[in-house]
Structures are given as C-alpha cells and as structure tokens.
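S.K.: sequence and predicted structure, then a few things I'm wondering about:
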Amino acid sequence: MNEKAKRLVVCIEDEPEMIELIRLILERGDFELIGAVGGEEGLKTVRELKPDLVLLDLMMPDMDGWEVYQQMKADKELRTIPVIVVTAKAQSIDKVLGLHIAKVDDYVTKPFGPQELLNSVNKVLGRGE
C-alpha cells in the first residue's frame, strides 16, 4: 500500500449506530470516516471538509438525502464529489429509478455486508482491485 493520505468519506445518516458501523467497515479499508447526523449537518460538513466521497442516507427527518444531493450538485465546489446513496431495501423502486436519473455514483441497500460497502466505495473512488 502506498503511503498517501487516507481518503476522506463523509457519512450522512440519521442513526448514529449506523455511522459507527460504517466507520468500522471503512477504517478496515483504510478510509477516514466523518459522520454527520442528519441532512442539515451533513451538508454543512461536506461544505467544510470537501471529502473524497459522500455516503448519503435517503430517509432522514430534517432534510432528506435527495435535498442534500440536489444542493451538492447545485454547488460548483461540491458537484464533483461522488455520492453513494444508502437506502433501505423496503424503499420503493422509483427511488432507485430516480438514482439513474440523478446520476448518483452508486447505491447500496441496507442491510448491506461490509464487503459490499467496501466494494462500492473502492469502485467509485477507482480503487477496485
């Protein structure tokens, strides 16, 4: 492994336990994870840190993932940051179809396996083995 800085991932999620789970998974893959609880805080964190990647939950009470995504894409400093949407399997298929229209980089459905999440992150960041 070359000694370059860890890639920074911001996880925007309304459940702190989920952020911790994702942190454990990504730290094994040599990523640094910053968690942000809820869409408002998430957007603020992304603006401050300009991470390499955003993991975005769609269903959040204060500002949903679509709103966060649209605001990111409307901001010229943030629009190039790749986004992986994390969505519950139970959510309707039109949400997933919306992903194709919105051109998100990838999505994973909860519950996901650690390897599935790492594969998605590596694929989007171009580190696929």
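M.R.: In hand now; what should we look at?
S.K.: tell me the spacing between the spatially most central residue of the chain and Leu26.
M.R.: The centre of the chain sits closest to Leu55, judged by CA atoms, centre = their mean, with a distance of 0.7 Å. Separation of Leu55 from Leu26 (CB to CB, to the nearest Å): 9 Å. All C-beta spots, glycine's among them, are computed from the backbone N, C-alpha and C.
S.K.: overlap in contacts, these two.
M.R.: Listed as contacting both Leu55 and Leu26 by CB atoms under 8 Å, 6 or more residues apart in numbering are 9, 121.
S.K.: follow-up on the earlier one: could you give me the average pLDDT of the helix or strand that contains the residue nearest to the centre of the chain?
M.R.: Counting by DSSP states H and E, the element that carries Leu55 is strand 53-57. Averaging pLDDT along strand 53-57 gives 95.
S.K.: strands along the chain, start to end?
M.R.: Here the chain has its strands, by DSSP state E, at 7-13, 31-37, 53-57, 83-88, 106-110.
S.K.: most packed of those?
M.R.: Each of the strands of the chain was assessed for mean neighbour count using mean count of other CB atoms under 10 Å. The highest is strand 53-57, with a mean of 26.
S.K.: looking at the chain, which helix is longest?
M.R.: Counting by DSSP state H, the longest helix found in the chain is helix 16-28.
S.K.: list the contacts for Leu118?
M.R.: Leu118 neighbours (CB under 8 Å, 6+ apart): 25-26, 28-29.
S.K.: for it, give me the pLDDT.
M.R.: Value for Leu118, per-residue pLDDT: 95.
S.K.: identify the bridge partners of Phe31.
M.R.: Judged by DSSP bridges, the bridge partners of Phe31 are Arg7.
S.K.: so it touches Cys11, yeah?
M.R.: No. Phe31 is beyond contact range of Cys11, at 10.2 Å (criterion: CB atoms under 8 Å).
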